[in-house]
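Undergrad: Pasted the sequence and its predicted model underneath.
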Amino acid sequence: MESWKKISILLCIFGVIKEFRPAEPYVTKMLNNPPFNFTLDQIGEQIYPVSIYTAMVSLVLVFLLTDFLRYKPIIISGSICAIMVYVLLIFARSMFWMQVLEVFYGLFMAAEVAYYTYIYAKVDKCHYQAVSGHTRSAYLVGRTVSGVVSQLYIYLLPTDYYSLNYFTLAGMILATIWALFLPSVEHSVYFNRNVPNSSSTDNLEDESNTVCTSVLKQLKKSNFKRSISFLKNDFYCAVSNLYTLKWMFWLALATGGYYQILSYVQVLWEQILSEGNSTIVRSETLNNFNGGVETMYTLLSAGSAYGCGMVSIQWSQYGELALFLCSTIIAALLYIMSQTAQIIFAFGLYILYAVIYNGMITIVNSEIAQNVNPDSHGLIFGFTTFLALVFQSILTTFVSSGLLTNNERLKFVIYGCYFAFLGLVFAVVTAVKLLRSMLCNVVPTSSEI
C-alpha cells in the first residue's frame with residue numbers, strides 16, 4: 001500500500017474514534033437532571049458560553065503552535081483535554097467545575113485544527129483532494145456511530161444519560177492512545193518548512209565552535225522571518241482575491257451561526273418539551289430521540305455533501321444566488337423552529353437545516369480551496385474558523401443579555417434574523433451583478449466580481 005494511503009487510514013481511524021462521543025447528544029438533558037440539576041438558564045447562560053469564548057481566544061495560538069510543533073503534540077494535547085472534559089463530567093458537580101470543564105472543551109475544539117491540517121503536511125499536494133474527503137468521511141462515520149450507540153442505550157435505559165459519559169471517556173482515552181502512534185511530521189507548512197539547502201544547517205549543528213553557533217542562530221532567525229513572510233503572503237493572496245473573499249465571508253458567518261445553533265439547539269428542545277403544548281401524543285422514545293436526530297442529520301448531510309460535490313455548476317456565475325437562497329431558507333427554518341410546539345417538527349427542521357448547511361459548505365470549501373495556494377489551506381480555513389468563533393462569541397454575548405434570559409425561542413428568532421441578514425447581503429450582490437450584466441449585456445465572470 002502506498003505510504004500516503006497508510007497515513008490517511010491511520011488518521012481517519014483516529015478521526016472516527018475522536019468523534020465517538022455518545023454523551024454529546026444528551027449533554028443538556030444530563031446537566032438538567034440528577035445528579036447535576038442545573039436549570040436551562042444556568043446551562044445556556046453560565047456554562048456553555050465558556051467553551052465558546054475559550055475556543056475563540058485560543059484558536060490563533062493553537063494554530064501557530066500546531067505548525068511550529070508539527071501537529072502531533074497538539075493532536076495529543078487536544079485528546080487529553082477531551083479526557084479531562086469527561087472525567088469532570090463523571091466526578092464534578094458544582095458550577096465552577098462545569099465552567100472549568102468548558103475551558104477544556106474549548107481547547108479541545110480549538111485543537112481540531114491540528115487534525116484537519118496534519119494530513120496536508122504528511123502527503124503530497126496531488127493527494128490533497130482525496131485525503132480531504134477521507135478526513136471528512138471519518139468525521140461523519142464517527143458521528144453516526146456515536147449517534148446510533150447513544151440512541152440505542154437511551155432506548156434501553158431512557159433516563160440514564162449520566163452513564164454515557166463512561167462510553168465517551170473510553171473513546172477519548174482510546175483516541176489519545178491511537179494519537180501516540182501517528183507518524184511524526186518532519187516538516188510543516190510555515191515554521192518547519194522543507195527547504196532545499198537545509199543540509200547546510202544540519203552540518204552547522206554538528207560544529208561546536210562559536211562562529212558556527214552564531215551563524216546557526218542567524219539562520220534560525222532568518223528562517224523565522226521567512227516563515228512569517230510566507231504566512232503574510234499566503235494570507236494576502238487569499239484576501240486580495242475578491243472571488244475568494246466572497247466565499248470566505250459566507251463561510252465565516254454561516255459557520256459561526258452553525259456552531260451557535262449546534263451548541264444551543266438542545267436547550268430549545270428542552271424548552272419545547274417542558275412547555276408541554278404539543279398536540280401530538282409523545283412517547284418517551286420521541287422525547288429522548290436526540291441520538292437518532294444526530295444519526296439522521298449526519299447521514300443525510302453526508303449524502304448532501306456528496307451530491308453537492310458532484311454537481312457541475314458554474315459557481316462564478318451563480319454562486320451569489322445559491323448563497324442567497326441557502327441563507328434565506330435557513331433563516332426561515334430557524335424562525336419556524338423557534339415557534340413550533342411540536343418536538344418532532346423541531347427535530348425535522350434541525351435535520352433539514354443541517355443538510356442544507358453541510359451541502360452548501362461543501363461547495364464553499366471547494367471554491368476556496370481551488371482559488372488559494374495549496375500550502376495555505378490550513379491558514380485560510382483556520383482564519384475563517386477563527387472569524388466564525390468571533391461571530392459566535394458576539395452572538396453568544398448578545399443572546400446572553402438579561403432581556404433574553406430563559407427565552408430560547410426568542411434566541412432562535414435572532415439566529416434566523418442573523419441568517420436573513422446574510423441572505424440580504426448576497427441578495428444585494430446578486431442584484432448588482434444582474435444589473436451590471438444587463439447594462440453591459442455580458443455575463444460577468446469571476447474576475448469581474
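TA: Received the coordinates, thanks.

Undergrad: show me where the stretch 301-449 of the chain has strands.
TA: Using DSSP state E, counting those that start in this stretch, the stretch 301-449 of the chain contains no strands.

Undergrad: low-confidence ranges in it?
TA: Across the stretch 301-449 of the chain, the ranges flagged by pLDDT under 70 are 402-403, 441-449.

Undergrad: All the helices of it, residue numbers only.
TA: 315-339, 343-370, 377-399, 408-440 (DSSP state H, counting those that start in this stretch).

Undergrad: will you turn those helices into a markdown table that also has distance to I9 and mean neighbour count?
TA: C-beta coordinates here come from the backbone N, C-alpha and C atoms, glycine included. Shown next, in a markdown table, are those (distance: least, Cβ to Cβ, whole Å; neighbours: other Cβ atoms under 10 Å):
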| stretch | distance to I9 | mean neighbour count |
| --- | --- | --- |
| helix 315-339 | 32 | 20 |
| helix 343-370 | 22 | 20 |
| helix 377-399 | 21 | 21 |
| helix 408-440 | 38 | 17 |
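
Undergrad: Could you work out which of these reaches nearest to L69?
TA: Between L69 and the helices of the stretch 301-449 of the chain, the shortest separation by Cβ to Cβ is 13.7 Å, and it involves helix 377-399.

Undergrad: so what secondary structure elements neighbour that closest one?
TA: helix 48-68, helix 112-122, helix 210-239, helix 242-275, helix 343-370, helix 408-440 (3 or more Cβ pairs under 8 Å, 6 or more residues apart in numbering; DSSP states H and E).

Undergrad: now it, how far from the chain's geometric center?
TA: 10 Å (Cα atoms, centre = their mean, to the nearest Å).

Undergrad: Format the helices and strands packed on helix 377-399 as JSON lines; extra columns: distance to A138.
TA: Listed next are those as JSON lines, based on distance: least, Cβ to Cβ, whole Å:
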{"stretch": "helix 48-68", "distance to A138": "18"}
{"stretch": "helix 112-122", "distance to A138": "9"}
{"stretch": "helix 210-239", "distance to A138": "26"}
{"stretch": "helix 242-275", "distance to A138": "19"}
{"stretch": "helix 343-370", "distance to A138": "15"}
{"stretch": "helix 408-440", "distance to A138": "29"}
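
Undergrad: how about the helices of the stretch 301-449 of the chain, which one is nearest P49?
TA: Per Cβ to Cβ, nearest to P49 of the helices of the stretch 301-449 of the chain: helix 377-399, 4.9 Å.

Undergrad: Output the closest one in CSV, but only the C-alpha positions, please.
TA: C-alpha atoms of helix 377-399 as CSV (Å, rounded to 0.1, in the frame of the first residue of the first chain):
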residue,chain,number,x,y,z
HIS,A,377,-5.3,25.6,3.1
GLY,A,378,-4.7,25.3,6.8
LEU,A,379,-4.0,29.0,7.2
ILE,A,380,-7.1,30.1,5.3
PHE,A,381,-9.5,27.6,6.8
GLY,A,382,-8.0,28.3,10.2
PHE,A,383,-8.6,32.0,9.8
THR,A,384,-12.2,31.5,8.7
THR,A,385,-12.8,29.2,11.7
PHE,A,386,-11.4,32.0,14.0
LEU,A,387,-13.8,34.5,12.4
ALA,A,388,-16.6,32.0,12.8
LEU,A,389,-15.8,31.8,16.5
VAL,A,390,-15.7,35.6,16.8
PHE,A,391,-19.1,35.8,15.3
GLN,A,392,-20.4,33.0,17.5
SER,A,393,-19.0,34.8,20.6
ILE,A,394,-20.7,38.0,19.5
LEU,A,395,-24.0,36.1,19.1
THR,A,396,-23.5,34.4,22.5
THR,A,397,-22.8,37.7,24.3
PHE,A,398,-25.9,39.3,22.7
VAL,A,399,-28.3,36.5,23.5
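
Undergrad: Give me the angle between that helix and helix 343-370.
TA: Relative orientation of helix 377-399 versus helix 343-370 (axes from the mean of the first three to the mean of the last three Cα atoms, to 10 degrees): 140 degrees.

Undergrad: Kindly calculate the angle that helix 377-399 makes with helix 408-440.
TA: Using the same axes, to 10 degrees: helix 377-399 against helix 408-440 is 130 degrees.
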